[in-house]
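Asker: Okay, predicted coordinates and the sequence, questions at the end:
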Amino acid sequence: MIDIRRAMKSNRTMKSLTGLSLQKFYNLLPYFELIIKEEKAKAFKNNRDRQRASGGGAKHSLDSVKLQLFYILFYLKVYPTFDLAGFFFDVDRSQTNRWTHALLPILEKTLGRRCVLPERKISNVAEFVMKFGELKDVFIDGTERRVQRPKDTKRQVKNYSGKKKTHTIKNIVMNDESKKILLLTPTLHGSMHDKKLYDKLSLGNSIPSDVTQWLDGGFLGVDKTHLDISVVMPKKKPKGKELTQKEKEENHVISSIRVKSEHAIGGMKRLRCVSDIYRNKKANVEDKFMVLSAGIWNLEIEKVA
């Protein structure tokens, strides 16, 4: 069994193994422990006719809540195969598989209780104002993740991204000036263009007109289809022509401000579960990885009171 005491002595080591500093890990631990207790109480209530006494059977190798939290954060940050995780934790790969899928929803509930998960959908302007207050600027960008080439022909076509020249899945991410991820759209196939996804989710109708949206070239045209929104994006080079020196300088200024979006997405992708090629087989895990990565990033950049 892996010994985590060495990791607990170094912020650098802890961040490299879990994505969280020691302080943020210990901040999250009591919430995680509370959720586990609640889940155990719920399971006991729903299974009163059990024949084996509570606590019977083989002992759990992850014998402490701290180790359980460390394991699931380690899995997301390092993204080992179940064989490799089993080697590190001295168990069979089937056991690490069970641990992972049991602890993922508990971690999601924990981050939700900790109020660091992003919103998944904003339906209208009133909801935006209620959830985010009087923001003046939001930074919106699409992000793609590579997936294993699907065997099904229809899925191959759906997941093929002309931009990345490979098979991907996609989300749109919205963050604020502090790089906190406010909104993460549902995970969709990579062939969908950023602007098409923006229109499909009605983002233009959900953000107040006095909130400036900082976008990249992938959203070209949203200012024409949504006339009542405030948009800033780099100017695209006209076909067969060149941008003027002034336009190039303006693009440089816009990009230097809009880079906050790249930093927020890069913060999520410190976790290899969303930067490596996605390989899990269970349904909806690809979406859960993005949600958890956003929550872990939001927790890590949160200022300590």
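Answerer: Done, it's in.

Asker: residue ranges with poor pLDDT in the stretch 51-200 of the chain?
Answerer: Along the stretch 51-200 of the chain, segments meeting pLDDT under 70 span 51-60.

Asker: Go again with 80.
Answerer: Within the stretch 51-200 of the chain, the segments meeting pLDDT under 80 span 51-61.

Asker: And the strands in it?
Answerer: 137-146, 160-161, 166-175, 181-184, 188-189 (DSSP state E, counting those that start in this stretch).

Asker: so what secondary structure elements neighbour the third one?
Answerer: With contacts taken as 3 or more C-beta pairs under 8 Å, 6 or more residues apart in numbering; DSSP states H and E, strand 166-175 sits against strand 137-146, helix 153-159, strand 160-161, strand 181-184, strand 188-189, helix 194-200, helix 245-268, helix 285-301. In this view, the C-beta of every residue, glycine as well, is placed from N, C-alpha and C.

Asker: Now those in TSV, please, with extra columns for distance to residue 24.
Answerer: Compiled in TSV, those are given as follows (distance: least, C-beta to C-beta, whole Å):
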stretch	distance to residue 24
strand 137-146	23
helix 153-159	34
strand 160-161	34
strand 181-184	16
strand 188-189	30
helix 194-200	32
helix 245-268	13
helix 285-301	6
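
Asker: circling back to that earlier point, give me whichever of the strands of the stretch 51-200 of the chain is most buried.
Answerer: Counting by mean count of other C-beta atoms under 10 Å, strand 181-184 has the highest mean neighbour count of the strands of the stretch 51-200 of the chain, with a mean of 24.

Asker: what distance separates that strand from the middle of the whole chain?
Answerer: Strand 181-184 sits 9 Å away from the centroid of its parent chain (C-alpha atoms, centre = their mean, to the nearest Å).

Asker: And stretch 182-192, by the same measure?
Answerer: 11 Å.

Asker: Now tell me what touches that stretch from outside.
Answerer: Stretch 182-192 is contacted by residues 118-122, 131-132, 138, 144, 147, 155, 157-162, 164, 167-176, 197, 200-201, 286-287, 290-291, 294 when judged by C-beta atoms under 8 Å, 6 or more residues apart in numbering.

Asker: Please export the C-alpha coordinates of that stretch as CSV.
Answerer: C-alpha atoms of stretch 182-192 as CSV (Å, rounded to 0.1, in the frame of the first residue of the first chain):
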residue,chain,number,x,y,z
LEU,A,182,-18.3,30.0,-13.6
LEU,A,183,-20.0,27.9,-16.2
LEU,A,184,-19.1,24.6,-17.8
THR,A,185,-21.4,23.4,-20.6
PRO,A,186,-22.3,19.7,-21.0
THR,A,187,-19.7,17.6,-22.9
LEU,A,188,-20.6,17.2,-26.6
HIS,A,189,-18.9,15.7,-29.6
GLY,A,190,-15.9,17.5,-31.1
SER,A,191,-17.3,18.1,-34.6
MET,A,192,-19.5,20.9,-33.3
